[in-house]
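>>> starting from these lines, generate the structure:
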Amino acid sequence: MTSFKVLLISASLTVLGSLLTGCGPAEAEAVTKAPPVLAAAVSPMPPAPATGNTSTVTTEPNTVRLQKTEQPLELRWTVPEPRLVGGQVERPLLNMSATVDLSAEQFAQIRAAGNLNAARTALDKAYTGIDDRQPRDIRFRQVGKDWIGEARTGWKVDRAASEKTLLKAVLGGETRSTLTVALEAPARSVGWAAAKKIGHLASGQSSFAGSPDFRVHNIRTGAERVQGAWVAPGRTFSFNALIGPINSATGFQPGYVVTGNTLSTEDGGGICQVSTTVFRAAFNAGLPITERHEHSYLVGYYEEPGLDAAVYAPSKDLRWKNDTAAPLLVQTEWDLKAETLMVSLFGADDGRKVSISEPAISARKPAPDPTFMVDRALEKGAARRVDMPAAGMKAVITRTVTSTDGKQKKEDFVSRYKAWGGVFAVAPGDDRLR
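Below you'll find the model as predicted:
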């Protein structure tokens, strides 16, 4: 019986040349999305191919593990996979190999008939596995202090040319042959990015340490929606438009949100972790912030006051404008072990310099007494802390953006936080609910 599973034998590299909730729909013409990224424990960004890699990678079309066989037919192909390093294009080659299992009888049939019909099913499946690889726009990954841009070409086996070579090899007693593979470049290729001088502009970070499971889930779901968004020059990024409706049907889980002076449960609790981190990236990049709302009280997850961004569609959105001459790429990266989220922006550096002051704090007010909410899982008399108290205050952060001609634009970002007593959950009928 024929076995026709495909295995990634190697992927060697040779450098050849130089180098928070209920969001409703809104207009999103300014933002385009790259294909979604599969969530991983640490970042959705895939690693670069490594020399001598013999691991099975199930996300690649040609990497299904092969069962051992006595007479494998090895198919090889070499394809370029450019990358952007320090603004320069490098042109590595990927030396790929896939194996098709054929019996001795099948080899004999091929040699006797002078054609590959005896191996047709196995070969077609191998070709399909290779053809399944689709182009992917450039993405960046951080290596030390550097950012490397990597796109992915699509592959298409030229079956006629490949089988002419393959048949000749088999008839000559060989069990190894070279495939002819056509390439399909992505729309936003490495060369495209190099021509537009796309590189790292700024990043924003936040910590979601101590978040309950529902919150982590919603953060990851929101980050996946933002990942790979492109914002054209002169266009405005809208967080709500990009995220879309927030409900169970779109993958979000119920969680705590602020309602009046207490908490309630709605789908998407924690989404503001994502909007806050996006805001920080755009803020650090010196981009014009056209809409931003602070939370009604100081949320502990967001640490320093004045750098949070609350969203609640349709009344509260996060919006910023791409006032540069090139497209901007938004990338998200999360680390579930460190419990951190990072958003990075990539575009053409126009030389602007950004200075951000420490928050100036005034009008402090002490936290009031806590409020209480029902948790039917609790026994009578028990109480569980749901949210921590926070003092009220006014925070002012000044951002100064200096252009290459020396002109400066100073803006005060003012945040006013109410004093918050925190929340405890108690059993139904508890006197403290009154």
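>>> where exactly do the strands run in the stretch 101-250 of the chain?
For the stretch 101-250 of the chain, the strands defined by DSSP state E, counting those that start in this stretch occupy 136-143, 146-152, 154-157, 176-178, 181-184, 198-207, 229-231, 236-238.
>>> state the mean pLDDT of the last one.
Spelled out, that is strand 236-238. Strand 236-238 shows a mean pLDDT of 99.
>>> sheet partners, orientation included, of that strand?
strand 319-321 (antiparallel) (DSSP bridges).
>>> tell me who's in contact with Gly172.
If a contact means C-beta atoms under 8 Å, 6 or more residues apart in numbering, then Gly172 has no contacts. Every C-beta, even on glycine, is put in place using the N, C-alpha and C of the backbone.
>>> what about the nearest residue to Pro366 once chain neighbours are set aside, neighbour count?
Distances taken as C-beta to C-beta, 6 or more residues apart in numbering place Ala391 nearest to Pro366, at 5.9 Å, with adjacent residues excluded. Neighbours of Ala391 under the rule other C-beta atoms under 10 Å: 17.
>>> just checking, Ala391 touches Lys365?
Yes. Applying C-beta atoms under 8 Å, one finds Ala391 in contact with Lys365, separated by 6.2 Å.
>>> please enumerate the shared neighbours of those two.
Common contacts of Ala391 and Lys365, defined by C-beta under 8 Å, 6+ apart, comprise Ala419.
>>> middle-most residue in the protein, spatially?
Gln227 (3.8 Å; C-alpha atoms, centre = their mean).
>>> so what does that residue look like in phi/psi?
As for Gln227, its main-chain torsions (degrees, to the nearest 10) stand at phi -50, psi 130.
>>> thought it was touching Trp334?
No. With contact defined as C-beta under 8 Å, Gln227 does not reach Trp334; the gap is 9.7 Å.
>>> flag the shaky bits of the stretch 51-200 of the chain, pLDDT-wise.
For the stretch 51-200 of the chain, the stretches with pLDDT under 70 are 51-70.
>>> report the buried residues of stretch 364-372.
Ala367, Pro370, Thr371, Phe372 (16 or more other C-beta atoms under 10 Å).
>>> please apply the same query to stretch 241-253.
Within stretch 241-253, the residues that count as buried by 16+ other C-beta under 10 Å are Ala241, Leu242, Ile243, Ile246, Gly251, Phe252, Gln253.
>>> one more: stretch 411-421?
Residues of stretch 411-421 classed as buried: Phe413, Ser415, Tyr417, Lys418, Ala419, Trp420, Gly421 (neighbour count, 16+ other C-beta under 10 Å).
>>> and the fifth one, what is it in contact with?
If I follow you right, that is Ala419. Tyr297, Lys365, Pro366, Ala367, Pro368, Ala390, Ala391, Gly392.
>>> select, from those residues, the two members most distant in space.
Tyr297 and Pro366 (12.8 Å; C-beta to C-beta).
>>> tell me the residues that contact both of the two, please.
Contacts common to Tyr297 and Pro366, judged by C-beta under 8 Å, 6+ apart, are Gly392, Ala419.
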